[in-house]
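Visitor: Need the 3D shape of this:
(chains A and B)
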Amino acid sequence: MDPLKELTPMVVTVAMDILAITALITLVRTFIGPRKSDRIVGVNMIGTQAICLIVCLVVRLRENWLVDIAIIYAMFSFLAVTVLTKMDIGVYQQWRADQKKGREREVSTGRKPIVEPDLPKRRKKAK
Amino acid sequence: MILNWIRFLLGTFCLAFGVFFIVSSVVGNFKFHFALNRMHAAALGDTLGLLGVVLGITIFHGLDATSLKLLLIVALVWITSPVSSHLIMLMELSNGTAAAEVEEERYEEATDEQGLERSSVAARRHALHGEHPGAFKSGNPPKEGPIS
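Guide: Okay, the predicted model is just below:
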């Protein structure tokens, strides 16, 4: 018998195990990331590792159509990152525009601009 | 027989190469402190990690229409990954004042841990940035991000 027919799925399975563990660790990083950019970087990395897992499944399960799913997954991962970042940049630009004509608006309507990005508070150090 | 063994060993080597780079990208994602540094580690996994895994699987699978699609995935990710990195960078820098303040605070903490002298901010900047102590005055970090 050819031992390679048993060895090849074993190697691919070990690689998939390691990839699954790294994806879980990256999920932890995504949870504890202090800023929004850290979370988006984590999501991007999880997308790449999921593409690697799907590609490994092509040999492990001997199903060729899984490659198409990997291509679509890559496109959707890029779309997710693009939409999230563009949304945040748009929110920030709207906030800046509101800040620029904030005085007139405060005089006219008597309230502050609604949209605010999450600016981290600066901690004063005792020296 | 020999050729099959060579193919198996080559594929295993490529797979191990890719998995090693993905693991090192995750380690780097935990070791760095800023999002702009973490993007560097994430790009490592996006380029070399994906290339290694896909190349190993292609060698296992054999030359086929499917293997060409596998290489298409690499081309797609290599085109889209710098674009997404650029967008994340723009998003991080669009909060210009916030980013500068956080950086300065973290730098102060890092230098205090290393036990450098606390009196002069310019000396800290010199130790961390490699700038000359009198290059620019402390206390006025860049006010605006590149997007205004």
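
Visitor: Tell me, what's the model's pLDDT at the closest residue to chain B within chain A?
Guide: Per C-beta to the nearest C-beta, A:S37 is where chain A lies closest to chain B, at 3.6 Å. Quick note: C-beta positions are derived from backbone N, CA and C, even for glycine. You'll see A:S37 listed with a pLDDT of 86.

Visitor: how close does it get to B:L51?
Guide: Per C-beta to C-beta, to the nearest Å, A:S37 is found 25 Å from B:L51.

Visitor: These two: who's more crowded?
Guide: Legend: neighbour count by other C-beta atoms under 10 Å in any protein chain shown for A:S37 and B:L51, higher for A:S37 (24 against 18).

Visitor: Please report phi then psi for the closest residue to that one other than its chain neighbours.
Guide: Distance criterion C-beta to C-beta, 6 or more residues apart in numbering or on different chains; nearest residue to A:S37, sequence neighbours excluded, is B:A35 at 3.6 Å. Note on B:A35: backbone dihedrals following degrees, to the nearest 10 are phi -70, psi -30.

Visitor: ok, A:T85 - contacts?
Guide: A:I40, B:S84, B:L87, B:I88, B:L90, B:M91 (C-beta atoms under 8 Å, 6 or more residues apart in numbering or on different chains).

Visitor: before we move on, what about B:L50?
Guide: Applying C-beta under 8 Å, 6+ apart, the residues contacting B:L50 are A:T48, A:I51, A:C52, B:G18, B:I73, B:V74, B:V77.

Visitor: Helices - which of the residues you listed land there?
Guide: Within the contacts of B:L50, residues falling in helices by DSSP state H are A:T48, A:I51, A:C52, B:G18, B:I73, B:V74, B:V77.

Visitor: Which secondary structure element is home to the residue of chain A closest to chain B?
Guide: Counting by DSSP states H and E, the element that carries A:S37 is helix A:36-61.

Visitor: Show me what that helix is packed against.
Guide: Applying 3 or more C-beta pairs under 8 Å, 6 or more residues apart in numbering or on different chains; DSSP states H and E, one finds that helix A:36-61 contacts helix A:4-32, helix A:66-100, helix B:2-31, helix B:35-44, helix B:50-61, helix B:65-94.

Visitor: what's the offset of that helix from the middle of its chain?
Guide: Its chain's C-alpha centre and that of helix A:36-61 lie 10 Å apart, by C-alpha atoms, centre = their mean, to the nearest Å.

Visitor: picking that back up, Throw the helices and strands packed on helix A:36-61 into a markdown table and include distance to A:V58 and mean pLDDT, thanks.
Guide: What follows is those, written out as a markdown table (distance: least, C-beta to C-beta, whole Å; pLDDT from 0 to 100):
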| stretch | distance to A:V58 | mean pLDDT |
| --- | --- | --- |
| helix A:4-32 | 9 | 92 |
| helix A:66-100 | 5 | 86 |
| helix B:2-31 | 13 | 93 |
| helix B:35-44 | 24 | 87 |
| helix B:50-61 | 6 | 93 |
| helix B:65-94 | 7 | 90 |
